[in-house]
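S.K.: Okay, predicted coordinates and the sequence, questions at the end:
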Amino acid sequence: MLKSRFTPISAVWEITLACNMKCMHCGSAAGKARPNELSTIEALNLCEDLKELGTELITLIGGEPFLRRDWFIISKKIKELGMDLTFISNGLSIYSKIISQLKELEPYAVAISLDGAIPETHDSIRGIKGSFKKCISCLKSLKEAGLPTSVITTLHKNNIKELPKIRDLLLNKGIAWQIQMAGPTGRFPRDLVLSEGEFYSASMFISSSRNRFSVKELPVMGAHNFGYHSQILGNIMITPIWKGCQAGISTIGIQSNGGIKGCLSLPDKYVEDNIRNRSLKEIWEDSKFASYNRKFKISDLKGGCKGCKYGKSCKGGCETVSTSMTNEMHCDPYCLYLIENKSFK
Amino acid sequence: MYNYQQILYTYLLLNIRGNMIKYSAKTRQKLYEYGEIIGLDGNDINKARRMTKDLFYMFLIIGIFTFIGLFSSRLVTVGAWYAGASIKDFFILDKLARFF
């Protein structure tokens, strides 16, 4: 087998599907642990396999990652192997002991989900009363502990109008803010997905926030499903470069039962293999893995992306949004360039 | 460094060199219409559009990425933070931008 020219620099690993919240937009419909989640030994071996493949950053998510009893053992192993470590959590179970452990681990980021500016909104989206208060106190504790803290806001019709108020909450706090769009995967209902107009409006908000405030005042960015090729708005992502979906190119998604996808956000039909069947290296280096990206051709573009001048590098935007909205890859309709061509010309 | 030359080509030749929509009265009006959807105020709407500093920043970042791409794969992986940005991502770029 030829050595792959692709490297999973960033791995997103769902270490458990168990969750202590019931978020309406959860893309993996988390709640109970999967029936056959990886054992501690399997997880530790997986860390070594990722290191061998060239992974530099592992993001542990769930479910809620801190509900897995051996999360600290796995995390320590990742750090011992010299890889960076990020956590994405809802903050509900983060107390002083976990904060001490996190300090010991020196993570690259600890990201907490904040989906509203007021308790009513956040609590109703998260399905747990009191979760807003806990989230805010968790952010404060993480900052006081000197940990690199981030907030992730997932946008849909129920919270989009609170963006300016969330900004007020985060201004001058030294907290990185990532804004992303909820797609109709997992248990999120399609009718709450942003319209193209709302999406554009949210993009304007991000662009404006980046223009109005310095990085020190408000380090804000749109996630990978925001901001392609606008001809009008300022830069929305951290860099002005969108070089297409990275699933299977430089990122890999790992499910808690060992299932492997190019990107963890993709629907379950894109689970291509399992590390219990063959090694991660064999899966990654298989010429058929993530062929939708690795073997992408311009003729694969569909819908509004067909014939687009950015198509070759863009590959049609975020594949998760594309498949969940259109049932096809390479035609993400939430593209600023597409929307501007329809509305502004 | 996946498709690196292609990215530079795309941005330098297509995006920056004059294919941008003119900021006309119609564009301004349309931006107001969009901004009002989520209740953005005039300040946010007016500051949403691309400014000269964005173009400068775009050139700067492309330069930085080209430079760093020679030595490290980390920053070249645009989208590596798709699972959760770190404050460090912002300050790496901020520091580099100041350095250059």
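M.R.: Thanks, I have the structure now.
S.K.: CA atoms for contacts and neighbours, from now on please.
M.R.: Will do.
S.K.: helices and strands around the top helix by length along chain A, which ones?
M.R.: If you go by DSSP state H, chain A has its longest helix at helix A:196-212. Packing partners of helix A:196-212 (3 or more CA pairs under 8 Å, 6 or more residues apart in numbering or on different chains; DSSP states H and E): strand A:220-222, helix A:336-343, helix B:25-37, helix B:42-46.
S.K.: for those, which one sits closest to residue A:140?
M.R.: Closest to residue A:140 of these is strand A:220-222 (CA to CA; 18.1 Å).
S.K.: ok, and does the next helix or strand after the closest one reach over to chain B?
M.R.: Moving toward the C-terminus from strand A:220-222, the next helix or strand (DSSP states H and E) is strand A:251-254. Yes: Strand A:251-254 lies within reach of chain B by CA under 8 Å from any CA of the partner chain, at residue A:251.
S.K.: Off-centre distance for strand A:251-254?
M.R.: Mean-position distance between strand A:251-254 and its chain equals 11 Å (CA atoms, centre = their mean, to the nearest Å).
S.K.: cool, and stretch A:61-73?
M.R.: With CA atoms, centre = their mean, you get 17 Å for stretch A:61-73.
S.K.: Okay, buried residues for that stretch please.
M.R.: If you call a residue buried by 16 or more other CA atoms under 10 Å in any protein chain shown, then stretch A:61-73 has these buried ones: A:61-68, A:71-72.
S.K.: Would you mind writing the CA trace of whichever strand or helix holds residue A:163 as CSV?
M.R.: Assigned by DSSP H and E, residue A:163 falls within helix A:163-170. The C-alpha atoms that make up helix A:163-170 are tabulated as CSV, following Å, rounded to 0.1, in the frame of the first residue of the first chain:
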residue,chain,number,x,y,z
LEU,A,163,-25.9,37.6,18.9
PRO,A,164,-25.3,41.2,19.9
LYS,A,165,-26.2,40.5,23.5
ILE,A,166,-23.8,37.4,23.6
ARG,A,167,-21.2,39.7,22.2
ASP,A,168,-21.7,42.1,25.1
LEU,A,169,-21.3,39.2,27.5
LEU,A,170,-18.0,38.2,25.9
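S.K.: so that helix versus helix A:196-212, what angle?
M.R.: For helix A:163-170 against helix A:196-212, the angle by axes from the mean of the first three to the mean of the last three CA atoms, to 10 degrees is 30 degrees.
S.K.: So which of the buried residues of stretch A:61-73 sit within strands?
M.R.: Per DSSP state E, strands hold the following members of the buried residues of stretch A:61-73: residue A:61.
S.K.: Looking at the buried residues of stretch A:61-73, spot the one nearest chain B.
M.R.: residue A:61 (8.8 Å; CA to the nearest CA).
S.K.: My understanding was that the closest one contacts residue A:15; is that so?
M.R.: Yes: in terms of CA atoms under 8 Å, residue A:61 counts as a neighbour of residue A:15; the distance is 6.3 Å.
S.K.: anything in contact with each of these two?
M.R.: Jointly contacting residue A:61 and residue A:15 under the rule CA atoms under 8 Å, 6 or more residues apart in numbering or on different chains is no residue at all.
S.K.: Tell me the secondary structure at residue 88.
M.R.: The chain I'm using is chain A. Using DSSP: H, G, I helix; E, B strand; the rest coil, the secondary structure recorded for residue A:88 is strand.
S.K.: Neighbours of it, how many?
M.R.: Look at residue A:88: counted by other CA atoms under 10 Å in any protein chain shown, it has 25 neighbours.
S.K.: so what pLDDT did it get?
M.R.: If you check residue A:88, the pLDDT there is 97.
S.K.: What of the one 5 residues further on?
M.R.: If you check residue A:93, the pLDDT there is 94.
S.K.: That one is in what secondary structure piece?
M.R.: Short version, using DSSP H and E: residue A:93 is in no helix or strand.
S.K.: Skipping its backbone neighbours, what lies nearest it in space?
M.R.: In space, and not counting its chain neighbours, residue A:93 is closest to residue A:66: 7.0 Å by CA to CA, 6 or more residues apart in numbering or on different chains.
S.K.: Now do the same contact list for residue A:118.
M.R.: Contact partners of residue A:118, counting by CA under 8 Å, 6+ apart, are residue A:132.
S.K.: One more pass at 10 Å, please.
M.R.: A:132-133, A:159, A:162, A:165-166, A:169 (CA atoms under 10 Å, 6 or more residues apart in numbering or on different chains).
S.K.: Just among the residues you listed, which is most surrounded?
M.R.: Busiest of these [other CA under 10 Å] is residue A:132, holding 26 neighbours.
S.K.: So which bits of the helix or strand encompassing residue A:137 are buried?
M.R.: Secondary structure from DSSP H and E places residue A:137 in helix A:131-144. Across helix A:131-144, burial judged by 16+ other CA under 10 Å covers A:131-132, A:134-135, A:137-139, A:141-143.
S.K.: Need those in a markdown table (columns: distance to chain B).
M.R.: Formatted as a markdown table, the buried residues of helix A:131-144 follow (distance: CA to the nearest CA, whole Å):
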| residue | distance to chain B |
| --- | --- |
| A:131 | 20 |
| A:132 | 20 |
| A:134 | 20 |
| A:135 | 16 |
| A:137 | 19 |
| A:138 | 17 |
| A:139 | 13 |
| A:141 | 16 |
| A:142 | 13 |
| A:143 | 12 |
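S.K.: As a markdown table, the residues you listed with distance to residue B:87 and pLDDT would be great.
M.R.: Formatted as a markdown table, the buried residues of helix A:131-144 follow (distance: CA to CA, whole Å; pLDDT from 0 to 100):
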| residue | distance to residue B:87 | pLDDT |
| --- | --- | --- |
| A:131 | 24 | 97 |
| A:132 | 22 | 98 |
| A:134 | 21 | 97 |
| A:135 | 18 | 97 |
| A:137 | 19 | 97 |
| A:138 | 17 | 98 |
| A:139 | 13 | 98 |
| A:141 | 16 | 98 |
| A:142 | 13 | 98 |
| A:143 | 12 | 97 |
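S.K.: circling back to that earlier point, how far does the helix holding residue A:137 sit from its chain's centre?
M.R.: With CA atoms, centre = their mean, you get 21 Å for helix A:131-144.
S.K.: one step back: tell me the contacts of the residue nearest to residue A:93?
M.R.: With CA under 10 Å, 6+ apart, residue A:66 has these contacts: A:15-16, A:18-19, A:60, A:72, A:87-94, A:98.
S.K.: Give me the pLDDT for it.
M.R.: So, for residue A:66, pLDDT stands at 98.
S.K.: if we can go back for a sec, show me which pair in the buried residues of stretch A:61-73 is furthest apart.
M.R.: A:63 and A:72 (15.9 Å).
S.K.: and stretch A:272-280, how far apart are its ends?
M.R.: Length of stretch A:272-280, first residue to last, CA to CA, to the nearest Å: 11 Å.
S.K.: Pull out the buried residues from stretch A:181-194.
M.R.: For stretch A:181-194, by 16+ other CA under 10 Å, it's A:181-188, A:192-194.
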